[in-house]
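*Asks:* Requesting a structural model of the entry that follows:
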Amino acid sequence: MNHHNFMSAIDQSISEGVRRGILHLTQEGNLTTDNLIRVNDSELVNFTSCSYLGLEHDERLKIAAIAAVEKYGVQFSESRAYVSIDLYRELEELMSRIFEAPTIVAPTTTLAHLAAIPVILDPEDAVIADQQLHNSVLSGINVFRANWPIHFEVLRHNRLDVLKERIEILQKTYKRVWYFADGVYSMFGDRCPADEIFNLLDSFPAFHTYIDDAHSMSILGKNGKGYILSNHTIHERMIVASSMAKAFATGGGILVFPNKEIARRVRACGAPFNSSGPLQPATLGAAVAAAKIHLTDEIYVLQTELANRIKYANSLFKATSLPLISNFDSGIFFVGTSRAELAYSIMEKMIKRGFLLNIGVFPAVSKNHSGIRFTMTTLQSYDQIERMIKTLNEVFFETLEEHQYSVDQIYSAFKVVARLEDRAAGEFISEYSAEKE
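*Replies:* The predicted structure follows:
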């Protein structure tokens, strides 16, 4: 597909959602802990937030943000190459305690990728990207590719058997073989095979990996450090990126390194650290307060509250025939429709019935992998979860009947995904949160 046709396809997909009142929406009025959002004069139950633990309403974060503004003003407008306010140093020290490894804080996770990836790669490397890799990570790779030639290929999603074969071949030609993947994938909510990745790192000295674990920050692992490091310390040939803009609830990105020298080099050479604006005082103040919560047992209580809601939703889904596409054990759920028209129609009806969900359509997914995406958070009541799933089940099959489409056709489009009844049950509680139940 040429550039014009590609952009036209994106424009058509997004503009259709805008025209039908399900994309580019604006929240009206106040947001509180009741999980209601007001859009177009309608009050909707919100199933779109990635702030999985509800910390955005925590009074300690609000007080810390206000205190930072009082102390530093609403902004500190200097590149970090020159001067940073002392909250940056405090936050990075706290993050290094959370991850038990050297860290750097970035203004966003996207800017973290754009800073780190062009520094860590070399033209003598080979790059393998998972098929479902987040676009922000791919953007970092493409910055390098635009300036230096490098071997690049895409791996079919989570096919680590094929990855092993490619490592065995590519290591004979290239100095290093990098694999770029997500910890929890942002659209379908499934996870990369962490144990297998660590096994490959131990087996192949030329193998390196870069993992974007943004969607599991806070909700999994010791200190809330996420899925990929929940049962492992960071490998000497691994870099992890994470986010403070989801369950951490403040904004900003995080880079986690195996040693201080790589962190130093990225801090010195990463373009966004030299030329982009910093996180502003309110965000830094709130982030320091959130990090301190993560270093207490309170984080495990919050993890368990979320996990219990996910378990409850799972139990309700088992009583339906909805074609869940994800691995069924994260805070992200995806019900496949295959066709975008079905997703648009279902979303219109769900809004009319009082529920706000997301659509997954091109370019976020391939054209035959459209669907309805929604998230679980601790702000949702059990009654809200039950009513949403019951309504979605009714609306979904009503829409399929109207369009003369079947669940079997949807499963056929998502070829690599097992039916719900054929999957092993997933548990979304880390060893740390389980101890606190």
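
*Asks:* okay, CA-based contacts and neighbour counts for the rest of this
*Replies:* Fine.

*Asks:* Find the nearest non-adjacent residue to the most centrally placed residue in the chain, please.
*Replies:* Central residue of the chain (C-alpha atoms, centre = their mean): residue 215, 3.2 Å from the mean position. Leaving aside its chain neighbours, residue 215 sits nearest to residue 184 (5.8 Å; criterion: C-alpha to C-alpha, 6 or more residues apart in numbering).

*Asks:* again, but for residue 52
*Replies:* Spatially, and ignoring its direct neighbours in sequence, residue 52 is nearest to residue 377 (4.2 Å; C-alpha to C-alpha, 6+ apart).

*Asks:* Quick check: that neighbour touching residue 308?
*Replies:* No. Between residue 377 and residue 308 there is no contact under C-alpha atoms under 8 Å: 10.3 Å.

*Asks:* neighbour-wise, which of those two wins?
*Replies:* residue 377 (25 against 17; other C-alpha atoms under 10 Å).

*Asks:* how is this structure carved up into domains?
*Replies:* Domain assignment for the chain by automatic domain parsing gives 9-46+298-435, 59-294.

*Asks:* Comparing those domains, which comes out most buried?
*Replies:* domain 59-294 (a mean of 20; mean count of other C-alpha atoms under 10 Å).

*Asks:* just how off-centre is that domain within its chain?
*Replies:* How far domain 59-294 lies from its chain's middle: 12 Å, per C-alpha atoms, centre = their mean, to the nearest Å.

*Asks:* Same check on stretch 46-54?
*Replies:* Using C-alpha atoms, centre = their mean, the offset of stretch 46-54 from its chain centre is 12 Å.

*Asks:* what comes into contact with it?
*Replies:* Stretch 46-54 is contacted from outside by 33, 35-37, 215, 218-219, 245-249, 302-303, 306, 331, 355-358, 373-380, using C-alpha atoms under 8 Å, 6 or more residues apart in numbering.

*Asks:* In strands only, show me those residues.
*Replies:* 36-37, 355-356, 358, 373-375 (DSSP state E).

*Asks:* Reformat these as CSV; add pLDDT and distance to residue 345.
*Replies:* What follows is these, written out as CSV (pLDDT from 0 to 100; distance: C-alpha to C-alpha, whole Å):
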residue, pLDDT, distance to residue 345
36, 96, 22
37, 95, 21
355, 98, 14
356, 98, 13
358, 96, 12
373, 95, 14
374, 95, 16
375, 96, 19
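
*Asks:* For the residue nearest to residue 215, give me its contacts.
*Replies:* Neighbour list for residue 184: 190-192, 213-216, 227, 330 [criterion: C-alpha under 8 Å, 6+ apart].

*Asks:* do residue 356 as well
*Replies:* By C-alpha under 8 Å, 6+ apart, the neighbours of residue 356 are 44-48, 347, 350.

*Asks:* separation between the residue lying closest to it once chain neighbours are set aside and residue 337?
*Replies:* Setting aside the residues directly before and after it, residue 356 is nearest to residue 46 in space (C-alpha to C-alpha, 6+ apart), at 5.1 Å. Distance, residue 46 to residue 337, using C-alpha to C-alpha, to the nearest Å: 21 Å.
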